[in-house]
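Asks: Predicted model follows, preceded by the sequence.
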Amino acid sequence: MSHDPSNAAERRARLDETGSQSPDMHREAAVGGGCGCATGGSQATGCRTGLGPATNSALEKIESELRAFELEERKRLGLETDPAHWNDENPQTFTAEERGKTRLLFGGLTAAHDAILEAGLRSLGYNAQALPYADVEALQTGKEFGNRGQCNPTYFTVGNLVKHLVKLRDVEGISADDIVRDNAFVTFGACGPCRFGTYVTEYRKALRDSGFPGFRVMALSQEGPQDDIGGTATALDTNLKFYIVIVKALMAGDIINLLGYRSRPYEIEAGATDAAMQESIEAVRAAFTEGRSILRAMNKVRRAFAKVKVNRLQPKPKVAIIGEFWAMTTEGDGNYRLQRFLEEEGAECDIQIITVWALYIVWSLSYDIRESTMLRRRKGEIDRFEGLAPRKGIFFAWLGGRAVKLVFGTFAKLAGLRGYKLPNMREIADLAHEYYPNQLRGGEGHMEVGKVIQTAKKKKDHMIISVKPFGCMPSSGVSDGVQSLVSARFPEVEFLPIETTGDSAVNAYSRVQMALFRARAKAHAEFEAALKDKGLTAEEAARRAEGRRSLSEALHYPAHSVTGTAANAVYELG
Ligand code: SF4
């Protein structure tokens, strides 16, 4: 594999000639060689390919070549050869004795996920506590203590932690020393390539500046238990059991949310869905707390939702919420409480779930391994990527994907979530590739583009809202750039990117309302067409629905014939 300076110069010359990156450069970027693409950044720190020791030693070799080159260049330019680099103090002391006593704070997902994760972590012996939703006050606190030029989710999540600690200190009168001693924060992290790679440093900076120096922030790798970022404290036992509990909790949260968003817009008795969701969350929490089977808890979820009665014959626009991971997931001010706003405006939300993100990580692992086997090598150099290691890596990635689908499928079946299909990651990658290279990472990568095309082709939604946090690097390239072309080529879907600055809710709401007007008209036209097709009037359809018990049950979701749920219900009746 060639990484010497002369080859770098050669590649730069090639780039100058062609004005674009060659496939070889993309391949190098994919395995952490420093990406020169739109989302920028390096994957050198903490980046894993899943190839095991062979890959690690190959990466070490690259690192040592780069170090030698840097040294040579420093000498040539007359610079210091051993400069004193700035180091971010990273307190991580977390002993086994502290495990049950130290309050482990976390948060940032949906209400269901956070509540279930809290119980899951407690079942492992941690004194876990989910933080409340990040609100506008959290954003302001984040801006006050954070670096300039961060993306909105950084300000929201960092500010939310600082806001909580400030409240403990200034309202409850607990000293800063006690707060630092008795609390720690745990979050997910990654090596980037966008600002996600610097969240942990941002937390520490804001905590120092707000009067909590030494506060422990532990980052778990989103790719799994191989190695955690920044020397995560050892008493945080990030073994397989730990990750299994997290995966179970996240999937249970996903399924409860999916059931809730399918049911709430059509519920007959206002509040019945929220009550079923709360009952479901409590059932799963109790299963974790009492060490009982999560599978039985999923049965209880089904029973809770079986009580909710719905009227599916209400034509409503179906709106997919996609975009940046945190901004599309949160149910708080981070996206102007978009899900509830849409429902109040008479729409049905098609939400994205965290399990899909897990599938994307597994897909990218497998993709990167395949790409790494095609790296060019120096003449005579031994090919470290050939042989068993890549095949083993690809096999384990495939196995991981199967395991995710199996667990999700089992949970979904027991909970009564029918007719929901996890997306095929390869299909999404193939659909997106023409518009957004699959090698580009950061944010949702190519997924956002693939989802829009898939939605158009499969008639999944009447409208798509892409939530784009202010200051987000990947979103700027995707929502503002690539999606303009995609939505022009697939005009059948109403595509609306909204920027979430945190302080312009009215602006965002009015844009959503205008787009919803058109989507609503489509849903109504589709419903009328379905009635005509089946030779029914709305009254006759309603009468027939009364005789069809399943159509009044929240657990029954009409099979997909067209986009709208009400029109699908008519086709089912017909
Ligand atoms: S995807 Fe965008 S919003 Fe999310 S961490 Fe990266 S830069 Fe920030």
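Replies: Noted; the coordinates are in hand.

Asks: Please make it C-alpha for all contacts and neighbour counts, starting now.
Replies: Noted.

Asks: residue furthest from the geometric center of the chain?
Replies: The outermost residue of the chain, judged against the average C-alpha position, is residue 78 (45.6 Å), by CA atoms, centre = their mean.

Asks: Check the gap between that one and residue 71 for me.
Replies: Separation of residue 78 from residue 71 (CA to CA, to the nearest Å): 10 Å.

Asks: so what does the helix or strand where residue 364 lies touch, helix or strand wise?
Replies: Of the helices and strands defined by DSSP states H and E, residue 364 is found in helix 354-372. If contacts are counted by 3 or more CA pairs under 8 Å, 6 or more residues apart in numbering; DSSP states H and E, helix 354-372 sits against helix 23-30, helix 240-263, helix 388-415, helix 425-433.

Asks: and the third one, average pLDDT?
Replies: Right, helix 388-415. Summarised as a single mean, pLDDT over helix 388-415 is 89.

Asks: Now do that helix against helix 240-263, angle only.
Replies: Interaxial angle of helix 388-415 relative to helix 240-263 (axes from the mean of the first three to the mean of the last three CA atoms, to 10 degrees): 50 degrees.

Asks: buried residues in helix 388-415?
Replies: Along helix 388-415, these residues count as buried under the neighbour rule (16 or more other CA atoms under 10 Å): 389-391, 393-394, 396-398, 400-401, 404-405, 407-409, 411-415.

Asks: quick one, what contacts the residue nearest to the spatial centre of the chain?
Replies: If you average the C-alpha coordinates of the chain and look for the closest C-alpha using CA atoms, centre = their mean, you land on residue 325, 3.8 Å from that point. For residue 325, the contacting residues are 443, 444, by CA atoms under 8 Å, 6 or more residues apart in numbering.

Asks: how about the strands of the stretch 51-200 of the chain, start to end?
Replies: Counting by DSSP state E, counting those that start in this stretch, residue ranges of the strands within the stretch 51-200 of the chain are 103-106, 127-130, 183-189.

Asks: Export those as a markdown table, with columns for distance to the ligand, mean neighbour count and mean pLDDT.
Replies: Supplementary listing: those in a markdown table, determined by distance: least, CA to the nearest ligand atom, whole Å; neighbours: other CA atoms under 10 Å; pLDDT from 0 to 100:
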| stretch | distance to the ligand | mean neighbour count | mean pLDDT |
| --- | --- | --- | --- |
| strand 103-106 | 17 | 21 | 94 |
| strand 127-130 | 20 | 21 | 95 |
| strand 183-189 | 10 | 19 | 89 |
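
Asks: so can I have TSV of the ones you listed showing distance to residue 559?
Replies: Formatted as TSV, the entries for the strands of the stretch 51-200 of the chain read as follows, by distance: least, CA to CA, whole Å:
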stretch	distance to residue 559
strand 103-106	38
strand 127-130	37
strand 183-189	36
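
Asks: Tell me which of those strands approaches residue 310 most closely.
Replies: strand 127-130 (31.9 Å; CA to CA).

Asks: Residue 326 in helix, strand or coil?
Replies: Here residue 326 takes the helix state, with states given by DSSP: H, G, I helix; E, B strand; the rest coil.

Asks: show me where pLDDT drops low in the stretch 301-450 of the chain?
Replies: Using pLDDT under 70 as the threshold, the predicted model of the stretch 301-450 of the chain has low-confidence ranges 376-388.

Asks: closest one to residue 125 among the helices and strands packed on helix 354-372?
Replies: Taking CA to CA as the criterion, helix 240-263 is the member of the helices and strands packed on helix 354-372 that comes nearest to residue 125, at 10.6 Å.

Asks: for that closest one, packing partners?
Replies: Based on contacts counted as 3+ CA pairs under 8 Å, 6+ apart, the elements that helix 240-263 packs against are helix 111-123, helix 272-289, helix 294-306, strand 348-350, helix 354-372, helix 388-415.

Asks: strand partners of the fourth one, parallel vs antiparallel please.
Replies: Strands flanking strand 348-350 in the sheet, each with its direction: strand 318-323 (parallel) (DSSP bridges).

Asks: what does the strand it pairs with rub up against?
Replies: 328, 347-352, 444, 448, 461-468, 475, 479, 519, 523, 563-565.

Asks: that older thread, can you put the helices and strands packed on helix 354-372 in TSV and add distance to the ligand?
Replies: Formatted as TSV, the entries for the helices and strands packed on helix 354-372 read as follows, by distance: least, CA to the nearest ligand atom, whole Å:
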stretch	distance to the ligand
helix 23-30	17
helix 240-263	19
helix 388-415	23
helix 425-433	18
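
Asks: I'd like to know which of the ones you listed is closest to residue 92.
Replies: In this view, those are compared for proximity to residue 92 by CA to CA, and helix 240-263 is the closest at 18.4 Å.

Asks: That closest one vs helix 272-289, what angle?
Replies: 170 degrees.

Asks: Neighbours of the residue nearest to residue 209 when sequence neighbours are not counted, how many?
Replies: The shortest distance from residue 209 to any residue other than its chain neighbours is 6.3 Å, reached at residue 145 (CA to CA, 6 or more residues apart in numbering). Neighbouring residues of residue 145 were enumerated by other CA atoms under 10 Å; the total is 20.

Asks: which ones are touching residue 145?
Replies: Under the criterion of CA under 8 Å, 6+ apart, the contact partners of residue 145 comprise 159, 205, 206, 207, 209, 210.

Asks: For it, give its distance to residue 515.
Replies: In this structure, residue 145 and residue 515 are 36 Å apart, going by CA to CA.

Asks: residues from the stretch 201-350 of the chain in reach of the ligand?
Replies: Proximity of the stretch 201-350 of the chain to the ligand (CA under 6 Å from any ligand atom) is limited to residues residue 324.

Asks: Quickly note the distance from the residue in the stretch 201-350 of the chain that the ligand sits nearest to to residue 475.
Replies: Taking CA to the nearest ligand atom, the ligand has its nearest neighbour within the stretch 201-350 of the chain at residue 324, 5.5 Å off. Shown here: residue 324 relative to residue 475, a distance of 7 Å by CA to CA.

Asks: so what sits against both of those two?
Replies: With contacts defined as CA under 8 Å, 6+ apart, the residues adjacent to both residue 324 and residue 475 are 443, 468, 469.
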